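Colleague: heads up, no residue letters with this:
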């Protein structure tokens, strides 16, 4: 009920108004404030010109414009949600971490920022640990990783894509796909798997998700 | 190859220089290339743009100095530094692309470099890196790769291959061997 009032989680994919071709509806969902995102952007600005950013989500035109035109970043769009869906359908979730590692081929210490969104929620713990280790290696000193982590597991959750509205707010939109189970990680597990990064910011959201910003000193 | 010479009636939509470099081609492409002036009236109206039909398959390098719309398949390299390249809904490209502006309604696998703009329309798909000062991606488009808006100018000039002089536009066979060093086009055999 709180989600419906506050508009968290996007619209129901079974909504009859949703386009039948599976594409997400236009961004009519209300923007929601983000406290970690402005700090993520600030971290990119401190990295100097032409920061390199990896986005785990699917391509969104406004996100491209934001990072490319507004911030002058080089943006890698990895669309790992599609990879997730593919592995789930094939029953090969145990190899998803391999696929993610082979997809993210950036050199060690070459990336300024990584937007995981809520991707880690859909990974089992061993896969989450492997992917986290891989991200840590890629991150430059001073770099940042931002993600959303659920506080309690959910048997089935739809996929969400995160549209950047402005420096302080995002729009959560449903992404086509079957979705899947979400597993919760404890704070200490997150801290450990992203070691030696430090948790620079952590906010508990009204939908009981944690918005976390990790930094490499 | 794309020289605007009224004395030389352009061939059918298939790129005239391509057959010299084409290692495989469909019979329809041959037919299109040799068919006498069936579409000349149309060509007269479209002298500033060339269309490659969906039955055409090109492997090699495609260079030109006119706007180009591709509905067929191209594998290799496409270079239209001063012009607009449109990949139509049926276009299937596996190539490195360099153009002034690129509009994508079909499928591209390869890197795309533009000096002005890259526009991926609804149902368009790109797997590769984009370098362009402006990039527009429609809601229903697919993209995976990197987008670099800062180094677009540098990348557009970074091509190893110098521009091929369109001296032998009417003699397709001459175009490939005449290419200066650095060309990666397979020679016609």
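Modeller: Nice, thanks for sending it over. Given the structure is predicted, the values throughout are model-derived calculations rather than measurements. Numbering: from 1, shown residues only, chains lettered A, B, ... in the order given.

Colleague: mind checking the end-to-end distance for stretch B:121-134?
Modeller: 14 Å (Cα to Cα, to the nearest Å).

Colleague: Give me the residues contacting that stretch.
Modeller: With contact meaning Cβ atoms under 8 Å, 6 or more residues apart in numbering or on different chains, stretch B:121-134 is reached by A:69, B:87, B:89, B:102-118, B:120, B:138-149, B:151-153, B:155-156. Where you see a C-beta, it was placed from the backbone N, CA and C, and this is true even at glycine.

Colleague: got the buried residues for that stretch?
Modeller: Going by neighbour count (16 or more other Cβ atoms under 10 Å in any protein chain shown), the buried part of stretch B:121-134 is B:121, B:123-126, B:128-133.

Colleague: Quick one: name the residues of chain A near chain B.
Modeller: Of all the residues in chain A, those in contact range of chain B (Cβ under 8 Å from any Cβ of the partner chain) are A:21, A:23-24, A:26, A:49-50, A:59-61, A:64-65, A:68-69, A:72, A:74-79.

Colleague: Filter those down to the ones in helices?
Modeller: For the residues of chain A next to chain B, membership in helices holds for A:61, A:64, with DSSP state H as the criterion.

Colleague: Would you write a ChimeraX line that selects the buried entries of the residues of chain A next to chain B?
Modeller: Here is the ChimeraX command that picks out the buried ones among those, judged by 16+ other Cβ under 10 Å:
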select /A:24,59,60,61,64,65,68,74,75,76,77,78,79
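
Colleague: hey, where'd the strands end up in chain A?
Modeller: Listed in chain order, the strands found in chain A under DSSP state E are A:32-33, A:52-55, A:74-77, A:111-117, A:139-150, A:154-166, A:169-182, A:198-204, A:209-215.

Colleague: Out of the ones you listed, the one nearest residue B:77 is which?
Modeller: Of all these, the one in closest proximity to residue B:77, counting by Cβ to Cβ, is strand A:74-77 (23.1 Å).

Colleague: Let me know the average pLDDT across the closest one.
Modeller: Across strand A:74-77, the average pLDDT comes to 96.

Colleague: Any buried residues in stretch A:203-217, and which?
Modeller: The neighbour-count check on stretch A:203-217 (16+ other Cβ under 10 Å) flags A:205, A:207, A:209-216 as buried.

Colleague: if we can go back for a sec, compare the strands of chain A and give me the one nearest residue A:88.
Modeller: Go through the strands of chain A one by one with Cβ to Cβ and the one that ends up closest to residue A:88 is strand A:169-182, at 5.5 Å.

Colleague: before we move on, the earlier item: would JSON lines of the strands of chain A with distance to residue B:95 be doable?
Modeller: Below are the strands of chain A laid out as JSON lines (distance: least, Cβ to Cβ, whole Å):
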{"stretch": "strand A:32-33", "distance to residue B:95": "42"}
{"stretch": "strand A:52-55", "distance to residue B:95": "26"}
{"stretch": "strand A:74-77", "distance to residue B:95": "21"}
{"stretch": "strand A:111-117", "distance to residue B:95": "28"}
{"stretch": "strand A:139-150", "distance to residue B:95": "33"}
{"stretch": "strand A:154-166", "distance to residue B:95": "30"}
{"stretch": "strand A:169-182", "distance to residue B:95": "29"}
{"stretch": "strand A:198-204", "distance to residue B:95": "43"}
{"stretch": "strand A:209-215", "distance to residue B:95": "39"}
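
Colleague: Report the mean confidence score over the lengthiest helix in chain A.
Modeller: Using DSSP H to define each element, chain A has its longest helix at helix A:125-138. Mean pLDDT, computed over helix A:125-138, is 96.

Colleague: Quick check: buried residues in that helix?
Modeller: Along helix A:125-138, the positions that meet the burial threshold by neighbour count (16+ other Cβ under 10 Å) are A:127-132, A:134-136, A:138.

Colleague: What strands flank the strand of greatest length in chain B, and is each parallel or antiparallel?
Modeller: The strand spanning the most residues in chain B, taking DSSP E as the definition, is strand B:73-87. Strand B:73-87 has these partner strands in its sheet, going by DSSP bridges: strand B:57-63 (parallel), strand B:67-70 (parallel), strand B:92-104 (parallel).

Colleague: before we move on, the earlier item: may I see the buried residues of stretch B:121-134 organised as TSV, with secondary structure added?
Modeller: TSV is the format used below for these (DSSP: H, G, I helix; E, B strand; the rest coil):
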residue	secondary structure
B:121	coil
B:123	coil
B:124	coil
B:125	strand
B:126	strand
B:128	coil
B:129	coil
B:130	strand
B:131	strand
B:132	coil
B:133	coil
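
Colleague: What parts of chain B come near chain A?
Modeller: Proximity of chain B to chain A (Cβ under 8 Å from any Cβ) is limited to residues B:134-151.

Colleague: how about a cut-off of 6 Å?
Modeller: Contacts of chain B with chain A, taken as Cβ under 6 Å from any Cβ of the partner chain, map to B:135, B:137, B:140, B:143-144, B:146-150.

Colleague: Report the two of those residues separated the most.
Modeller: When the residues of chain B next to chain A are compared pair by pair using Cβ to Cβ, the farthest-apart members prove to be B:140 and B:150, with a separation of 27.1 Å.

Colleague: ok, residue A:66 - how many residues close by?
Modeller: For residue A:66, the neighbour count with other Cβ atoms under 10 Å in any protein chain shown is 19.

Colleague: And residue A:188, by the same measure?
Modeller: Considering only other Cβ under 10 Å, residue A:188 is surrounded by 8 other residues.

Colleague: swap in residue A:37?
Modeller: Look at residue A:37: counted by other Cβ under 10 Å, it has 22 neighbours.
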